[in-house]
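> whatever this is, show me its structure:
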Amino acid sequence: MLKISGIDQRALLFGGIIMQKVAFVIDGWFMRKRIYQLKTFLYNGENIRKYCLKHLLKDDQLYRIFYYDTNPLSKKGHNPVSKKQVDFEKTSVAVQQIALLESLRSTPNVALRLGSFVWQNNAWVLNQDRLKSLISKKISIDDLDENDVKPAITQKGVDMKMGLDITPIAIKKLADKLVVITGDSDVVPALKLARREGMQVLLDPLKAVTRPDLREHVDYLQTHV
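Residues are numbered from 1 along each chain as shown. All right, here's what the predicted structure looks like:
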């Protein structure tokens, strides 16, 4: 008996037009940073979805947008320059992040995946430009202010969650095309698996410089900014 693939079945159903399901995987920290730099659009759930839809071809169908990010840092600490206590949950950055996550929760076709922040040994890091000025003796320590430092935080669990979502999508044939918005090559093993399973993988680097090891394991690059 002749076996017909899922894609071929959709082609027959829609009169020879192949309806491709498209899944999006978004590194939230990366996308937010790039959109703020490029000043492309107001960064919220509705506009993120609108941006993703630009990637769809005429007969494509949106499967789901998987968005990966973290809740704000829920700790307090003392700024090493001003000596003031900082409640990170009440900073303007945290307030903006909470508003963003709420907008994503109410956006159609969006699945929000949250990792966590880890504050490494309660350490602080100095702004790179100010560090260079300090080393070159253009400024002194007395010239620093509290805005020149930030906590040394890293995301935890985000890359793993991306891989855990991409794997069943590819193996179970839940989508035909994968659009990945990231600049992080840690997701490469999952992309390799997706391509082995027959998915077409598109990377949107949002005009950022693309790492060679990331570029190697996608089918093509495309951006709409």
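> tell me the SS of residue 153?
The three-state assignment at residue 153 reads strand, by DSSP: H, G, I helix; E, B strand; the rest coil.
> is it true that it touches residue 118?
Yes: shown here, residue 153 and residue 118 form a contact pair, counting by Cβ atoms under 8 Å, at 6.5 Å. From N, CA and C alone the C-beta is placed, and that goes for glycine too.
> between those two, which one's more packed in?
When neighbours are counted by other Cβ atoms under 10 Å, residue 153 comes out ahead of the other of residue 153 and residue 118, with 18 against 14.
> what pLDDT does the more buried one get?
According to the predicted model, the pLDDT of residue 153 comes to 83.
> please name the bridge partners of it.
Residues in a beta bridge with residue 153, per DSSP bridges, are residue 119.
> would you mind measuring from it to residue 218?
29 Å (Cβ to Cβ, to the nearest Å).
> where in this protein is pLDDT low?
Judged by pLDDT under 70, the chain has its weakly predicted residues at 1-18.
> which residues of it fall in helices?
6-13, 28-38, 45-53, 92-105, 128-135, 158-171, 188-196, 212-215 (DSSP state H).
> want to throw the ones you listed into JSON lines with distance to residue 85 and mean neighbour count?
Formatted as JSON lines, the entries for the helices of the chain read as follows, by distance: least, Cβ to Cβ, whole Å; neighbours: other Cβ atoms under 10 Å:
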{"stretch": "helix 6-13", "distance to residue 85": "57", "mean neighbour count": "13"}
{"stretch": "helix 28-38", "distance to residue 85": "26", "mean neighbour count": "17"}
{"stretch": "helix 45-53", "distance to residue 85": "32", "mean neighbour count": "18"}
{"stretch": "helix 92-105", "distance to residue 85": "15", "mean neighbour count": "14"}
{"stretch": "helix 128-135", "distance to residue 85": "22", "mean neighbour count": "13"}
{"stretch": "helix 158-171", "distance to residue 85": "28", "mean neighbour count": "18"}
{"stretch": "helix 188-196", "distance to residue 85": "41", "mean neighbour count": "18"}
{"stretch": "helix 212-215", "distance to residue 85": "40", "mean neighbour count": "12"}
